[in-house]
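Enquirer: Make a model of this:
(one chain, ligands or ions: 2)
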Amino acid sequence: MSCWALVPLKARRFGKSRLAGVLDAATRVSLVQSMLERVLAALADAREVDRIAIVCSEPERVPQAILRLPDSGQGLNDALAAGASRLWARGADELLVIHADLPLVRADDIDHFVRCGRSQRMALAADRHGTGTNALFVAGVTDFSFHFGAHSLSRHLAAAHARGIVPALPELDSLAFDIDTPADLACLLPSTLTPISPLRRSPTPCLITC
Ligand SMILES: Nc1nc2c(ncn2[C@@H]2O[C@H](COP(=O)(O)OP(=O)(O)OP(=O)(O)O)[C@@H](O)[C@H]2O)c(=O)[nH]1
Ligand SMILES: O=C(O)[C@H](O)COP(=O)(O)O
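Expert: Ligands and ions are numbered 1, 2, ... in the order given. Just a heads-up that it's a prediction; the model follows:
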């Protein structure tokens, strides 16, 4: 079995645009980098993930041990579809798409998510609002279409149901918390942004109350 994680990473100048009103460009770039490092560290620690790839138009941002897949600039779903087909062609049996903006993500939650997905061929990690998709796992479904964007969770569920698949929907705080808006940022204590913070720490109490 070969489980590949596929992390999409938007070009620097476009990333985290919804935070432009509260963070300057340099701070947004550094926030994105911190969250990316956290996600990559958790993936590296996850026992169920064998290899990691990043789909990105900026090769210098991809660490050497990680496979870089090109982004042709047609948006997130196209970038993921092209990246996924390359991974299936390389012999992937399973694919875990996971966003790079999950500052509290933990390796044990990733492992749990993948194991749940294996039991039903697919798993979806909802965002904390129950509308977005922060991670998506598929086993062997090489032509699944991605529907990231507004209301992606219901769109992914509909696409799965149309194929007779009932995805697992494990509720995992560390996968549910992504940073999109100033309100998300306010839920995050500054200390949780450092990539060297312990991976297995529980989500902060602040997360639960936001
Ligand atoms: N390769 C690639 N990754 C993308 C693209 N759009 C979004 N992403 C990544 O997909 C994940 C979810 O991104 P979003 O929250 O939709 O976008 P964002 O850039 O983080 O934030 P906004 O600009 O505020 O929408 C993050 O890991 C992004 O870096 C894209 O066009 N190409
Ligand atoms: O499908 C999604 O949920 C989006 O690609 C990312 O959503 P966000 O805007 O909540 O990050």
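
Enquirer: helix, strand or coil for V7?
Expert: Assigned by DSSP: H, G, I helix; E, B strand; the rest coil, the conformation of V7 is strand.

Enquirer: Contacts only, for it.
Expert: Taking Cβ atoms under 8 Å, 6 or more residues apart in numbering as the definition of contact, the neighbours of V7 are L36, V39, L40, L43, I52, A53, I54, V55, V97, I98, H99, A100. Heads up, the C-betas are built off the backbone N, CA and C, glycines and all.

Enquirer: How about N134?
Expert: For N134, the set of contacting residues under the criterion of Cβ under 8 Å, 6+ apart consists of I98, H99, L102, A125, A126, D127, L175, A176, D178.

Enquirer: 7 Å instead?
Expert: With contacts defined as Cβ atoms under 7 Å, 6 or more residues apart in numbering, N134 is in contact with H99, L102, A125, D127, L175, A176, D178.

Enquirer: do L80 as well
Expert: L6, P8, V55, V97, F146.

Enquirer: residues in this structure within reach of ligand 1, list them.
Expert: Taking Cβ under 6 Å from any ligand atom as the contact definition, the chain meets ligand 1 at 8-10, 15-18, 55-56, 71, 75-76, 79, 99-101, 180.

Enquirer: Drop the exposed ones from these and show what's left.
Expert: For the residues of the chain next to ligand 1, burial is judged from neighbour counts taken by 16 or more other Cβ atoms under 10 Å, and it is met by 8-10, 15-16, 55-56, 71, 76, 79, 99-101, 180.

Enquirer: picking that back up, just the ones of the contacts of N134 in helices?
Expert: Per DSSP state H, helices hold the following members of the contacts of N134: L175, A176.

Enquirer: Nearest to ligand 1 among the contacts of N134?
Expert: Distance ranking of those against ligand 1, using Cβ to the nearest ligand atom, places H99 first at 3.9 Å.

Enquirer: so how far is A25 from the closest one?
Expert: For H99, the distance to A25 (Cβ to Cβ, to the nearest Å) stands at 21 Å.

Enquirer: what's the answer for R68, then?
Expert: Separation of R68 from A25 (Cβ to Cβ) stands at 23 Å.

Enquirer: Same drill for those two, tell me which one is more crowded.
Expert: R68 (19 against 12; other Cβ atoms under 10 Å).

Enquirer: residues contacting that one?
Expert: R68 makes contacts with I54, C56, P59, V62, as judged by Cβ under 7 Å, 6+ apart.

Enquirer: now with 6 Å?
Expert: With contacts taken as Cβ atoms under 6 Å, 6 or more residues apart in numbering, R68 has the following neighbours: I54, P59, V62.

Enquirer: Check whether it sits in a helix, strand or coil.
Expert: Under three-state DSSP, the three-state class of R68 is strand.

Enquirer: circling back to that earlier point, next step: the buried ones among the residues of the chain next to ligand 1 restricted to strands.
Expert: When these are checked against strands (DSSP state E), the matches are P8, V55.
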